[in-house]
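Novice: below: sequence and its predicted model.
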Amino acid sequence: MRRIRRLVHLGRLPGIKVKYLLVVWLGIFVGSWVAYMHYSSYSELCRGHVCRMIICDQYKKGIISGSTCKDLCEERGLLFQHCLSSSPTQQVYSGLWRDREVIIKCGIGEALRADSRPDSVPRRDVVLFDKPTRGTSMDEFKEMLLNFLKSKLGDQPSLPALVSRIIAMADVNRDGKVSLAEAKSIWALLQLNEFLLMFSLHEKEHTAKLLGHCGDLYVTEKIPHTSLYGLDVPPFLQSLLPSIAHQLLHQWFAPAWPRRAKIAIGLLEFMEEIFHGTYGSFYICETGFRNVGYNDKFDFKMVDLGKVATEATIRGFLKGRHCEQNVDCTYGRDCTAACDKLMKQCKGDMVQPNLAKVCGLLQDYLLYGAPLELKDELQKQLRTCTTLSGLASQMEVHHSLVLNNLKTLLWKKISNTKYS
């Protein structure tokens, strides 16, 4: 004991103990830094209280209306729980509404000054529900809606039916009339790309169900698994882990192969639904495993429709656009059209269609752990799928054939089993 005290007193601790102390100190430092970064970003990103303040202020003034307003602002029956926001201007929370787990989405736009504190008072003067104006007749409002939908979805014969559905949703109190507050609320919601697509694709079982709204805040069902894989690495760790670590984690936590096959079949069915659907064609402009998920029954669900764009929107973006190379004709992250290098203008056809991008996503997902008797054929079909062209001449028959062959191959393997 005296010897140890003498060593400590003389500063001559054995080298191995010094190393332990250094490792502990380094761990404390890194942990503190991660905690600081996490909580500082949390206060910047998570402003649900501001969202509630803005919406309820407009509701109490009679400017907006909606099926969730009373629960949100008067009875506190719509509860914000966990923050899922990735941007200060687009608030996303998991929550609870009438004993049901939900997702709450609310855009606060320019309601906060760029240099304001998280608890600062919102600038309500820039959060306007300015259309339609007082005095607008029902026929004029329907015409407004029809023209807006044509600009977003193209001139589809099914649009008048969609207008009728919008009017029915706007009529919150079911009195057969649409008040100015109800009209302002539904108009504001339709300006949000994800809401418009969710409403347009409501009949499809592969999108989240829309449950209610208040002004431009809307509530959807909660999708239990928001990644194709069972584990989603937190953003602050993603850059620290090498790609091989990501791959191993995905493989360890992914569902069993038959369940992955079922999820993949759902994803392929969704590709069919958005290609020449009731309201035109849609393109996935950011293909990644974090944008797609599944429910507890392993049925595929599209997590983020904000990454999907209508054909009309993309063609409007490309029309007359100057380019030097294909990358200049990119909408979103990966909706890329060909560049006519002679005319220096973007063409209208996508270089890579939805199906090819999805098959690229499914390669690692399906080939890992695939049954041996299936693996070679599966690999061959996925390779064929990833090489598909976006040319209009190939889009109809060829794409449908490839998609159906792949779906049939997977379905035959899991049909008549507990996984089907």
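Specialist: Sure, I can see it. Residues are numbered from 1 along each chain as shown.
Novice: contacts for the host helix or strand of residue 197?
Specialist: Here residue 197 sits within helix 193-200, counting by DSSP states H and E. By C-beta atoms under 8 Å, 6 or more residues apart in numbering, the surrounding residues in contact with helix 193-200 are 105, 152-153, 162, 165-166, 169, 189-190, 207-208, 210, 218, 220, 278-279, 282, 304-306, 308-310. Using the backbone N, CA and C atoms, a C-beta is placed for each residue, glycine as well.
Novice: cool, stretch 75-95 as well?
Specialist: Contacts with stretch 75-95, where a contact means C-beta under 8 Å, 6+ apart, come from 42, 44-48, 50-52, 68, 70-72, 96-98, 101-110, 112, 219, 222.
Novice: go through those residues and flag which are in helices.
Specialist: Those of the contacts of stretch 75-95 mapping onto helices are 42, 44-45, 48, 50-52, 70-72, per DSSP state H.
Novice: helix or strand right after the helix holding residue 197?
Specialist: Immediately after helix 193-200, counting by DSSP H and E, sits strand 210-214.
Novice: just the buried ones among the contacts of stretch 75-95, please.
Specialist: Using 16 or more other C-beta atoms under 10 Å as the burial test, the contacts of stretch 75-95 include 45-48, 50-52, 68, 71-72, 97, 102-108, 112, 219, 222 as buried.
Novice: who's in contact with residue 331?
Specialist: Residue 331 sits next to 283, 285, 309, 313-314, 317-318, 337 when contact means C-beta under 8 Å, 6+ apart.
Novice: swap in 6 Å and give it another go.
Specialist: Counting by C-beta atoms under 6 Å, 6 or more residues apart in numbering, residue 331 makes contact with 285, 314, 317.
Novice: please flag which of the residues you listed sit within helices.
Specialist: Within the contacts of residue 331, residues falling in helices by DSSP H are 314, 317.
Novice: helix, strand, or coil at the closest residue to residue 368 other than its chain neighbours?
Specialist: Nearest residue to residue 368, sequence neighbours excluded (C-beta to C-beta, 6 or more residues apart in numbering): residue 251, at 5.6 Å. Secondary structure assignment for residue 251 (DSSP: H, G, I helix; E, B strand; the rest coil): helix.
Novice: so how far is residue 265 from residue 251?
Specialist: 20 Å (C-beta to C-beta, to the nearest Å).
Novice: now do residue 84
Specialist: With distances taken as C-beta to C-beta, residue 84 is found 27 Å from residue 265.
Novice: which residues touch stretch 282-302?
Specialist: 206-207, 223-228, 259, 262-263, 266-267, 274, 303-304, 307-310, 314, 331-333, 335, 354, 357, 361.
Novice: who are the packing partners of the helix or strand hosting residue 143?
Specialist: Element membership of residue 143, judged by DSSP H and E, is helix 138-153. Under the contact criterion of 3 or more C-beta pairs under 6 Å, 6 or more residues apart in numbering; DSSP states H and E, helix 138-153 touches helix 159-170.
Novice: tell me the average confidence for the helix it packs on?
Specialist: Taken as a whole, helix 159-170 has a mean pLDDT of 95.
Novice: right, and the helix or strand after that helix?
Specialist: Past helix 159-170, the next helix or strand by DSSP H and E is helix 180-190.
Novice: distance-wise, check the residue nearest the centre of the chain relative to residue 338.
Specialist: Against the mean C-alpha coordinate of the chain, by C-alpha atoms, centre = their mean, the closest residue is residue 304 at 1.5 Å. Distance of residue 304 to residue 338, computed by C-beta to C-beta: 27 Å.
Novice: where in the stretch 51-200 of the chain is pLDDT low?
Specialist: 109-128 (pLDDT under 70).
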